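[1] below: sequence and its predicted model.
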Amino acid sequence: MARSPVVPPGPELSAQERTRYARHLLLPGLGGTGQRRLRAARVLVVGAGGLGSPALLYLAAAGVGTLGVADDDVVDLTNLQRQVVHGVADVGRAKTTSASDAVRAISPETMVVRHDERLDATNALAVIADYDVVLDGADNFPTRYLVGDACARLGIPHVWGSVFRFDGQVSVWWAGEGPCYACVFPRQPPPDAVPSCAVGGVLGAVCASIGSVMATEAVKVVAGVGEPLVGRLLVHDALRQSWDAVPVRADPGCRVCGSGADATRPLGWASAADDDGRTDGAAEAPGGRPAVDAVGLAGLLEQRAAGTASFAQLDVREAGELEVAVIPGAEHLALDRVRAGDPVPGGEGRVYVYCKVGARSAEAVDLLRSRGVDAVDVLGGVLAWSRDVDPSVPSY
């Protein structure tokens, strides 16, 4: 059902604004009053990446008066495949700077507020409280749970999107009006349990599909137009080119927005200890896991080439990652196959295990050593190899 607009209308539009936004003024339910609400709105976009890029561009074009951009990263060459708010000349620049320039190029009247720091439990409430709507395009679970927690506590509508490979999801979490993020996703996954886009890949245009829906939902919430995605999770499959709406509902027992929620608890409950004393999402590695860094592995490979050392290498990344970068001479066994108990290719003896950055290899080493395999973790994985040993190996 339609909901009341969250932003009161600002002053009357100028003649130039009426010309610029004429196509909005023609829309039933939006019109001049809705455009004045957009101009008066303050919208925070968390993450100037794949989802934040199209959202920022369309919100700026729509005439949103103030756009906040929260991101502590810099533009990388690998971002340009999907993060269309940045260009080749922006590589190495702060994403907030690049995004601000792009927004101002579209809408010089839009005020851009840069938040160059990573949102955490110490600053999230103060930052988010200054906005009417939050768009969450974060690429990691701790930030998603943190933003969801803060929005629920403040009663601010939380437009959320997620993409992976050819799939996407989007919804509007709004405590008091419908479910919050934690109502539907009550537990943060353990590290590496859900592959990131950097591991599994993503079709860039899927980010555009989901990001544009997020921008649409923000406009609807600001202006009180139509029926926002409150209580519905929209699921997109780009390979089938399908969109499905899944009903979701508020959990009365939700620890974030339920009737018994503790408003004094530390923000970001998903990282706090559970009732049984465990830490949600934390993986404990056994002490004393043997390890070697990338430079050490390079020395060992030289010894093996000279015939003075004998061992195996094991790459536990996904098969698609091998198309991007490899350390020469490794056998491949993806982490899920290690978990399933598949034998290590390459025979018996010591095996040096690596992944992209180290989380998956650490888990694989622990599993293999529990089965009696003499496994050693290669710290930093392929990225450390590219940085410290062979810069010709692509970083991704």
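    Happy to help now that I have it. Numbers count the residues shown, from 1 in each chain.
[2] going by C-alpha atoms from here, please, whenever you check contacts or count neighbours.
    Fine.
[3] immediately after the longest helix anywhere in the chain, which helix or strand?
    Using DSSP state H, we find that the single longest helix of the chain is helix 204-223. Heading C-terminal from helix 204-223, the first helix or strand you meet, by DSSP states H and E, is strand 232-237.
[4] could you look up the SS state of residue 164?
    strand (DSSP: H, G, I helix; E, B strand; the rest coil).
[5] gap between stretch 318-338 and the chain center?
    Put simply, stretch 318-338 sits 24 Å off its chain's centre (C-alpha atoms, centre = their mean, to the nearest Å).
[6] any buried residues in that stretch, and which?
    318, 321, 325, 326, 327, 330, 331, 332, 333, 334, 335, 338 (16 or more other C-alpha atoms under 10 Å).
[7] so how far is residue 382 from the fifth one?
    Relative to residue 382, residue 327 is positioned 7 Å away (C-alpha to C-alpha, to the nearest Å).
[8] can you pull the contacts of the residue nearest to residue 49 when sequence neighbours are not counted?
    Sequence neighbours aside, residue 83 is the residue nearest to residue 49 in space, at 5.2 Å (criterion: C-alpha to C-alpha, 6 or more residues apart in numbering). Residues in contact with residue 83 (C-alpha atoms under 8 Å, 6 or more residues apart in numbering) are 48, 49, 50, 51, 52, 53, 54, 204.
[9] need the strands for the protein, in chain order.
    42-46, 66-70, 111-115, 133-136, 158-164, 167-173, 232-237, 242-247, 291-292, 312-315, 331-332, 351-354, 375-378 (DSSP state E).
[10] list the contacts of the second one.
    Put plainly, it is strand 66-70. Residues contacting strand 66-70 (C-alpha under 8 Å, 6+ apart): 39-48, 56, 60, 96, 99-100, 110-119.
[11] using CSV, write out every CA atom in that strand.
    Below are the C-alpha coordinates for strand 66-70, written out as CSV (Å, rounded to 0.1, in the frame of the first residue of the first chain):
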residue,chain,number,x,y,z
THR,A,66,21.5,16.4,-0.8
LEU,A,67,23.3,13.1,-1.5
GLY,A,68,25.7,11.6,1.0
VAL,A,69,28.3,9.2,-0.2
ALA,A,70,29.9,6.8,2.3
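[12] give the buried subset of the contacts of strand 66-70 as a ChimeraX selection command.
    Remark: buried members of the contacts of strand 66-70, expressed as a ChimeraX selection using 16+ other C-alpha under 10 Å:
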select :39,40,41,42,43,44,45,46,47,48,56,60,96,99,100,110,111,112,113,114,115,116,119
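[13] about what we covered before: and which of the buried residues of stretch 318-338 is nearest residue 26?
    residue 321 (48.4 Å; C-alpha to C-alpha).
[14] state the distance from the closest one to residue 352.
    In terms of C-alpha to C-alpha, residue 321 sits 18 Å off from residue 352.
[15] follow-up on the earlier one: distance to residue 156 and pLDDT for the buried residues of stretch 318-338 - can I get that in CSV?
    Below are these laid out as CSV (distance: C-alpha to C-alpha, whole Å; pLDDT from 0 to 100):
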residue, distance to residue 156, pLDDT
318, 38, 91
321, 39, 89
325, 42, 90
326, 45, 92
327, 47, 94
330, 50, 92
331, 50, 93
332, 46, 94
333, 45, 94
334, 41, 93
335, 39, 93
338, 43, 94
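[16] point out where the stretch 151-300 of the chain drops to low pLDDT.
    Low-confidence segments of the stretch 151-300 of the chain (pLDDT under 70): 190-199, 268-288.
[17] for the residue positioned nearest the centre of the chain, give its distance to residue 49.
    In the chain, the centroid-proximal residue (C-alpha atoms, centre = their mean) is residue 139; its distance is 1.2 Å. Residue 139 sits at a distance of 8 Å from residue 49 (criterion: C-alpha to C-alpha).
[18] one more: residue 17?
    In terms of C-alpha to C-alpha, residue 17 sits 29 Å off from residue 49.
[19] name the residue in these two with the higher neighbour count.
    residue 49 (28 against 14; other C-alpha atoms under 10 Å).
[20] so what's residue 368 closest to, chain neighbours aside?
    residue 375 (6.3 Å).
[21] who touches the one you found in this structure?
    290, 350, 351, 352, 353, 365, 368, 369.
[22] how about those in CSV, adding neighbour count?
    As requested, these are exported to CSV (neighbours: other C-alpha atoms under 10 Å):
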residue, neighbour count
290, 16
350, 14
351, 24
352, 21
353, 30
365, 26
368, 21
369, 14
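[23] can you tell me which of those is nearest residue 227?
    Nearest member of the contacts of residue 375 to residue 227, counting by C-alpha to C-alpha, is residue 365, at 49.7 Å.
[24] distance check, the closest residue to that closest one other than its chain neighbours against residue 364.
    Among residues not flanking residue 365 along the chain, residue 375 sits closest, at 5.4 Å (C-alpha to C-alpha, 6+ apart). According to C-alpha to C-alpha, residue 375 stands 9 Å off from residue 364.
[25] anything in contact with each of the two?
    Common neighbours of residue 375 and residue 364 (C-alpha under 8 Å, 6+ apart) are residue 353.
[26] quick revisit: let me have the strands of the chain in a markdown table, extended by distance to residue 213.
    Formatted as a markdown table, the strands of the chain follow (distance: least, C-alpha to C-alpha, whole Å):
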| stretch | distance to residue 213 |
| --- | --- |
| strand 42-46 | 14 |
| strand 66-70 | 17 |
| strand 111-115 | 21 |
| strand 133-136 | 11 |
| strand 158-164 | 9 |
| strand 167-173 | 8 |
| strand 232-237 | 10 |
| strand 242-247 | 12 |
| strand 291-292 | 45 |
| strand 312-315 | 38 |
| strand 331-332 | 39 |
| strand 351-354 | 38 |
| strand 375-378 | 41 |
